[in-house]
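# got a structure for you, letters missing:
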């Protein structure tokens, strides 16, 4: 990443990225630099704005998640956007634009976090607010490094204002994880249990990270550290303990599980299941292209960038969760007078409703519908009865959840089991909360540690299927199941470029950055 002054970076962010919510716009400035800024608590609030602009840019489309398709829950065979297909079949090139974005944007976020962390101690005024801002910066730096270390492996680790990654050597996996843990512990210390600043709150819920967010992310970090590549099993106990701190205080943090029929309706901007996310506000012109067209059928006006893998869909347990997760019927255009045909005004044509595997469908796959719908304020009053996507619906105001409370519960269940050599009553209770919401029976008692971990792995796969940020791909990596998961593809899926091995566990580092920084080299899993 080329070295940029903070003032220039903020200018680029504010001019280039689209409008965002009030909590991004508070006290906007055109430039800032460390010689004159920040000096006060209000300055610190202003310094937060570009940090969230970068996050918004990162989650503004499905492009940053293209490599999640290497997991067994999502697939693609789109000729136009071949990077989705290349991610699915293990054919990612280091010259891919999306790969470059996945590497560069986190480092922009890290650069902004480093500025705030390096200067907050010198600010005067409301110390609680100053510390709160610094805590959010520590949290976001940890989040960005967690992304880089999980998916790229050893990477440069600038930690001070003015430092950049463009000439640094790669830090080890262990060193980066140690820094992530340290940052999240600091974030816990500095952030409040709940935010109270009006621009950071919606209906009593915190729109920016809190102490509970830091604890939740730290629990997930410990769980990942317990698996590949570190395989530090001592981290299971730490993951369980940290997740328990959140669960025991869920009412304090305002967390809980949302009714399954409301979880993906897209009506509310925020809900109690969102531990950490990014709020979009359609009324203010804020949008993400993750929804609704990216994962919708071509026949219904979508782009069909990705679909559900057929065998994953078939193995998904029946019940209300499956109903709200998948689209299993598709409107196919037909001529007027076709038996069963109906007219749709938005689609300006006649359609019939057929099952996903009907030969008249374009892809003959089920689709994910998690990102499909929303109220008028979220980007269109859509329902299954009026679901055609016209040309204006290429974006929406659906807020994105990065950590859901269901993840905290499932982290605890698995970690508690593995730390104690088998599941206790509390481990069963937490996984069963998620299963009961999904309409499933409680797990049978008497499982071994290995059996219960497999049940947690399956539950996480079903709960977070379909390009969620708590993704199946990260679980396949830490449990070294990439090869196994990709050995069971339906013949209708696009053929793999090759049989995956540990060499495919990490993404290649972008060619641009390797040319800029000759210290960089691709990381090979082992």
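Here it is on my side, so go on. Since the model is a prediction, treat every value here as computed from it, not as a measurement. Residues are numbered from 1 along each chain as shown.

# lowest-confidence helix or strand of this protein?
Lowest mean confidence among the helices and strands of the chain (mean pLDDT, DSSP states H and E): helix 6-16, at a mean of 40.

# For residue 94, give its distance to residue 170.
Summarising the geometry, the distance separating residue 94 from residue 170, computed by CB to CB, to the nearest Å, is 15 Å. For glycine as for every other residue, the C-beta is placed from the backbone atoms N, C-alpha and C.

# With neighbour numbers in mind, choose between these two.
For the pair residue 94 and residue 170, the greater number of neighbours falls to residue 170 (20 against 15), based on other CB atoms under 10 Å.

# Can you report how many residues lie near the nearest residue to that one once chain neighbours are set aside?
Take residue 170 and drop its neighbours on the chain: the residue closest to it by CB to CB, 6 or more residues apart in numbering is residue 154, 4.0 Å away. Neighbouring residues of residue 154 were enumerated by other CB under 10 Å; the total is 21.

# any idea where the strands of the stretch 201-350 of the chain begin and end?
201-202, 205-206, 274-278, 307-308, 326-327, 329-334, 342-344, 349-355 (DSSP state E, counting those that start in this stretch).

# chain center to the fifth one, what's the gap?
It stands for strand 326-327. Relative to the mean C-alpha coordinate of its chain, strand 326-327 is positioned 20 Å out (CA atoms, centre = their mean, to the nearest Å).

# Same check on the fourth one?
Relative to the mean C-alpha coordinate of its chain, strand 307-308 is positioned 17 Å out (CA atoms, centre = their mean).

# Quick one: list the elements packing against it.
Using 3 or more CB pairs under 8 Å, 6 or more residues apart in numbering; DSSP states H and E as the contact definition, the elements that strand 307-308 packs against are strand 74-75, strand 367-368.

# Recalculate using a threshold of 6 Å.
Using 3 or more CB pairs under 6 Å, 6 or more residues apart in numbering; DSSP states H and E as the contact criterion, no secondary-structure element is in contact with strand 307-308.

# Give me the residues contacting that strand.
For strand 307-308, the external contacting residues (CB atoms under 6 Å, 6 or more residues apart in numbering) are 75, 363, 365, 366, 367, 368.

# make it 10 Å
Residues external to strand 307-308 that are found in contact with it (CB atoms under 10 Å, 6 or more residues apart in numbering): 69, 73-78, 84, 88, 295-297, 313-314, 316, 325-328, 356, 363-369, 465-466, 493.

# cool, and the second one?
Contacts to strand 205-206, defined as CB under 10 Å, 6+ apart, come from residues 191-197, 200, 212-213, 253-255, 268-272, 274-276, 279.

# Mind listing the strands it pairs with, and their directions?
Strand pairing for strand 205-206, using DSSP bridges, gives strand 201-202 (antiparallel).

# Over the partner strand, what's the mean pLDDT, rounded is fine.
Computed over strand 201-202, the mean pLDDT rounds to 93.

# List the buried residues for the lengthiest helix in the chain?
When the chain is scanned for its longest helix (criterion: DSSP state H), the result is helix 127-151. Neighbour-count burial for helix 127-151 flags 129-151 (criterion: 16 or more other CB atoms under 10 Å).

# With stretch 354-361 instead?
Under the neighbour-count rule (16+ other CB under 10 Å), stretch 354-361 has 354, 356, 361 buried.

# now, which of the residues you listed sits nearest residue 475?
residue 356 (25.5 Å; CB to CB).

# Pull the contacting residues for that closest one.
Contacts for residue 356 were tallied using CB under 10 Å, 6+ apart; they are 297, 307-308, 310, 313, 326-330, 363-367.

# what's near enough to touch residue 390?
For residue 390, the set of contacting residues under the criterion of CB under 10 Å, 6+ apart consists of 293, 301, 345, 346, 347, 348, 380.

# Give me the buried entries from these.
293, 301, 346, 347, 380.

# could these go into JSON lines alongside distance to residue 505 and pLDDT?
Conversion of the buried ones among the contacts of residue 390 to JSON lines gives the following (distance: CB to CB, whole Å; pLDDT from 0 to 100):
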{"residue": "293", "distance to residue 505": "31", "pLDDT": "88"}
{"residue": "301", "distance to residue 505": "37", "pLDDT": "94"}
{"residue": "346", "distance to residue 505": "43", "pLDDT": "91"}
{"residue": "347", "distance to residue 505": "43", "pLDDT": "93"}
{"residue": "380", "distance to residue 505": "39", "pLDDT": "55"}
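
# Quick one: these as CSV, columns for distance to residue 446 too.
Supplementary listing: the buried ones among the contacts of residue 390 in CSV, determined by distance: CB to CB, whole Å:
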residue, distance to residue 446
293, 47
301, 50
346, 53
347, 53
380, 48
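
# which of those lies closest to residue 518?
For these, the minimum distance to residue 518 (CB to CB) is 40.6 Å, reached by residue 293.

# Could you measure from the closest one over to residue 254?
For residue 293, the distance to residue 254 - CB to CB - is 32 Å.
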